[in-house]
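Enquirer: need a structure here:
(2 chains)
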Amino acid sequence: MVKLKLPDGSERVLEGDLTGKDLLATLEPALKKEVICLSIDGELADLGAPLPAGTTVSLVRRTDPAALEVLRHSTAHIMAQAVKRLFPEAKLAIGPAIENGFYYDFDLPRPLTPEDLTAIEAEMKKIVKEDYPFTREVLTKEEALARLKAEGEVYKVELVEELEDGTISFYQQGEFNDLCRGPHLPSTRYAKAYKLTSIAGAYWRGDSSRPMLQRIYGTAFFNREELESYFKFLEEAKKRDHRKLGRELDLFSTDEQIGAGLILWHPKGGRIRQVIEDFWRDEHVKNGYELVYTPHLGRSVLWETSGHLGFYQENMYAGMEVEGQDYLIKPMNCPFHIAIYQSRSRSYRELPFRWAELGTVYRYERSGVLHGLLRVRGFTQDDAHIFCRPDQMPEEIDRVLEFCLKMLKAFGFKEFKLYLATRPEKSVGTEERWAAATEALRAAIEKTGLPYEVDEGGGAFYGPKIDLKIKDALGREWQCSTIQFDFNEPERFDLTYKGPDGHDHQPYMIHRALLGSLERFFGILIENYEGAFPLWLAPVQAIVLPVLPENLEYAGTIYDWLRQNGIRAELDSRNEKIGYRIREAQMQKIPYMLVVGSKEAETGQVAVRARREGDLGAWSREDLLARMQEEIAAKR
RNA sequence: GCCAGCGUAGCUCAAUUGGCAGAGCAGCUGACUUGUAAUCAGCAGGUUAUCGGUUCAAGUCCGAUCGCUGGCUCCA
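Expert: So this is what the prediction gives:
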């Protein structure tokens, strides 16, 4: 007896020795067409799978996310079959479904070219048309190894050697056979909309000491429309690329002579940064932080004490010698904040300390990982360290998390996802401290009511942490904020405070960054807003456009008046047609264009054109200023 | 760092098989006197990323360096 759960919530009981195919036969045709595979007691299985008695079976339809994964995984197999046809000597590695598609890694006799992708796609089309069913067979470990060794599939052999006997399945479609857990599509015909997207190198098992394989990426959907809208999404993302917008809007640049991953903030980018920094400082002071400033270098003995020379050295720049002493450029701010703590003895009455700094750090990132503003070698963290007593710790965590959300919301982010990372195997700190800190983090997260995941063992060796991800206008996730406990440095620096009992106690130390780094956050903001910053952030908030040179004098009074009222205004007095100057201002994404001609000069008004709404007609300057100030205050 | 690709004027891109480095936009000069997304004309702009090599001849072929792009965890 098998229980079948239908999508509408109803259940049917089926008798006898059944497979998925028998079950399918009992369904109405419209539903039957939708089914891709099955879920037997929550485990995905092929449509042809036998149904053990006493199980509950549900249908996985095209619209289910699991179905898309199956489709992509099967498409990866179809691609591998095509590659094998074109390169019989190809060795197979792995080929899973991933977030936006799939890949398959191959060991090939020569590097692939983009033309090869076209040829592989053409071969895939044939395979789909030939409509091979995917059939499953289960082999013993011995049989599996014998088969793969005979085929020379060295990577698959390695995979099988790590598997347990009795769990080893192979899938066959046409002449192609591959080790695979499954499940798969009923047949190759189901793969209707796919595209190979790129070729990349990838180490076998991600290990740089192992062979470099060739990875082919692709994506697949159940229909053409979805495939096309995915490529539209990619185009949309390309339009928002902060590297492109950064150049077009004159926000930032890099320079070969200066070096990779080192950012030059141009005046317009600088204005935005200043607004962000001013807001950040004000909010920190309001929220009980004090601002500190620390140097860019410190003696190597500092980094020995902190432990960075042990666990972080590969990310630090080589030191320099000054008067016989070794100095290193800071990759983190924490040892300096600790030094402030240690500048005198501390009492339990003084705690907590919340010390914040926009601290510029330098980290050696491998050249291949650098990316615009998002991954750089020199950046400014919006860093802070909290030193507190154990009894204060839960409240401090609450406050940080609440503050963090408030800060991110001010920049227009509305969707958040939290990740709680717990104790890894190799770690320092007492069991009690880990448990108390992890509990405080969990409790703070739960108070927010936001969705979260627990990353078991994903914490740093020195403490548990919360990572917070934001969703941007395109639905992409970015990680900015992090809240981390540190049990390592208080120990290494022997941080203490005098307790009410007259004894020394170790404070809790919490690292936290809300925006992450100003560079990275700026990059995310550019992409989120597509360069069209809300008024409070816009580098140029208003541009005054005299219609004729004879209107220049009046335009100048408007311009001065705006600046005196704290508006970042510019005056475009160039001898160009008004349409031309409006076009330029529009392309520079300036929120307000103020057209002033003889009519306005007579009435003392301005003709307002808003970036998004267009021509708003004549406004008195007071009304305009009120509108702008309201918009700035609301951070819209 | 490794794999693959790329680097021509400020930007976007041309330049037959190796055979005189070009266009549009931006810039500058001048004319036009302009009312809500591009007025017209002229001028200037380059050691083809850098260094070396092959060749009668290199933007093009070879090597090195620098920089840029995509990828290198997501378990058959």
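Enquirer: all contacts plus neighbour counts: C-alpha atoms, from now on.
Expert: Fine.
Enquirer: So the residue in the stretch 251-400 of chain A positioned nearest to RNA strand B: helix, strand or coil?
Expert: For the stretch 251-400 of chain A, the residue closest to RNA strand B is A:Gly368, as judged by CA to the nearest atom of the strand, at 3.0 Å. Put simply, A:Gly368 is helix when judged by DSSP: H, G, I helix; E, B strand; the rest coil.
Enquirer: likewise A:Ala437?
Expert: Per three-state DSSP, A:Ala437 ends up helix.
Enquirer: wait, it sits on A:Pro464?
Expert: Yes. Assessed by CA atoms under 8 Å, A:Ala437 is found in contact with A:Pro464 at 7.1 Å.
Enquirer: neighbour count winner among these two?
Expert: A:Pro464 (28 against 25; other CA atoms under 10 Å).
Enquirer: Any figure for the gap between the residue lying closest to the more buried one once chain neighbours are set aside and A:Met407?
Expert: What sits nearest to A:Pro464 in space, not counting adjacent residues and going by CA to CA, 6 or more residues apart in numbering, is A:Thr422, at 5.1 Å. Distance, A:Thr422 to A:Met407, using CA to CA, to the nearest Å: 25 Å.
Enquirer: In terms of packing, which of those two has more residues around it?
Expert: Taking other CA under 10 Å, A:Thr422 and A:Met407 do not tie; A:Thr422 has more neighbours (24 against 18).
Enquirer: show me the contacts for the more buried one.
Expert: Taking CA atoms under 8 Å, 6 or more residues apart in numbering as the contact definition, A:Thr422 lies against A:Thr438, A:Val454, A:Asp455, A:Glu456, A:Gly457, A:Gly458, A:Gly459, A:Gly463, A:Pro464, A:Lys465.
Enquirer: Sitting in strands, which of those residues do you find?
Expert: Secondary structure defined by DSSP state E assigns A:Val454, A:Asp455, A:Lys465 of the contacts of A:Thr422 to strands.
Enquirer: Name the residues of stretch A:446-460 that are buried.
Expert: A:Tyr452, A:Gly457, A:Gly458, A:Gly459, A:Ala460 (16 or more other CA atoms under 10 Å).
Enquirer: Would you enumerate the residues in contact with the third one?
Expert: By CA under 8 Å, 6+ apart, A:Gly458 lies in contact with A:Ala421, A:Thr422, A:Arg423, A:Pro424.
Enquirer: and of these, the nearest to A:Ala555?
Expert: Using CA to CA, A:Ala421 is the member of the contacts of A:Gly458 that sits closest to A:Ala555, with 57.4 Å.
Enquirer: For the closest one, what are phi and psi?
Expert: The phi and psi values for A:Ala421, taken as degrees, to the nearest 10, are phi -110, psi 120.
Enquirer: And for A:Arg574?
Expert: phi -60, psi 150.
Enquirer: Count residues in the vicinity of it, would you?
Expert: Neighbour number of A:Arg574 under other CA under 10 Å is 12.
Enquirer: Ok, A:Phe279 next?
Expert: Neighbours around A:Phe279, by other CA under 10 Å: 13.
Enquirer: ok but it is inside a helix, no?
Expert: Yes. A:Phe279: assigned to a helix according to three-state DSSP.
Enquirer: Tell me how far A:His385 lies from A:Ala339.
Expert: Counting by CA to CA, the separation of A:His385 from A:Ala339 is 12 Å.
Enquirer: quick revisit: could the buried residues of stretch A:446-460 be laid out in a markdown table, adding pLDDT?
Expert: Output for the buried residues of stretch A:446-460, formatted as a markdown table (pLDDT from 0 to 100):
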| residue | pLDDT |
| --- | --- |
| A:Tyr452 | 92 |
| A:Gly457 | 88 |
| A:Gly458 | 88 |
| A:Gly459 | 90 |
| A:Ala460 | 90 |
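Enquirer: what's the closest of these to RNA strand B?
Expert: Among the buried residues of stretch A:446-460, A:Gly458 lies closest to RNA strand B (CA to the nearest atom of the strand), at 11.9 Å.
Enquirer: The closest one and A:Trp478, how far apart?
Expert: From A:Gly458 across to A:Trp478, the span is 18 Å (CA to CA).
Enquirer: ok, residues contacting stretch A:29-46?
Expert: A:20, A:24-25, A:47, A:51, A:55-62, A:67, A:182-186.
Enquirer: Could you turn the buried ones of the residues you listed into a PyMOL selection?
Expert: Buried subset of those, written as a PyMOL selection, criterion 16+ other CA under 10 Å:
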select buried, chain A and resi 20+24+47+51+56+57+58+59+60+61+62+67+182+183+184+185+186
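Enquirer: Show me the contacts of stretch A:29-46 that map onto strands.
Expert: Using DSSP E, those in strands are A:Leu51, A:Thr56, A:Val57, A:Ser58, A:Leu59, A:Val60, A:Arg61.
Enquirer: Tell me what the first one is bridged to.
Expert: A:Leu51 forms beta bridges with A:Leu18, as assigned by DSSP bridges.
Enquirer: my guess is it meets A:Lys21, correct?
Expert: No. Between A:Leu51 and A:Lys21 there is no contact under CA under 8 Å: 9.9 Å.
Enquirer: what about the residue with the largest distance to the centre of chain A, helix or strand, and which?
Expert: No residue in chain A sits farther from the centre than A:Glu602, which is 53.5 Å out by CA atoms, centre = their mean. In this assignment (DSSP states H and E), A:Glu602 forms part of helix A:598-603.
Enquirer: Could you see whether RNA strand B lies near that helix?
Expert: Yes. Helix A:598-603 is in contact with RNA strand B by CA under 7 Å from any atom of the strand, via A:Ser598, A:Lys599, A:Glu600.
Enquirer: quick revisit: how about the ones in strands among the contacts of stretch A:29-46 in a markdown table, adding distance to A:His503?
Expert: Listed next are the ones in strands among the contacts of stretch A:29-46 as a markdown table, based on distance: CA to CA, whole Å:
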| residue | distance to A:His503 |
| --- | --- |
| A:Leu51 | 67 |
| A:Thr56 | 62 |
| A:Val57 | 64 |
| A:Ser58 | 63 |
| A:Leu59 | 65 |
| A:Val60 | 63 |
| A:Arg61 | 65 |
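Enquirer: Looking at these, which is nearest A:Leu297?
Expert: Closest to A:Leu297, out of all of those and judged by CA to CA, is A:Val60, at 58.2 Å.
Enquirer: Look at the nearest residue to A:Lys465 once chain neighbours are set aside and tell me its secondary structure.
Expert: Excluding the flanking residues, the one nearest A:Lys465 by CA to CA, 6+ apart is A:Gln484, at 4.2 Å. Secondary structure assignment for A:Gln484 (three-state DSSP): strand.
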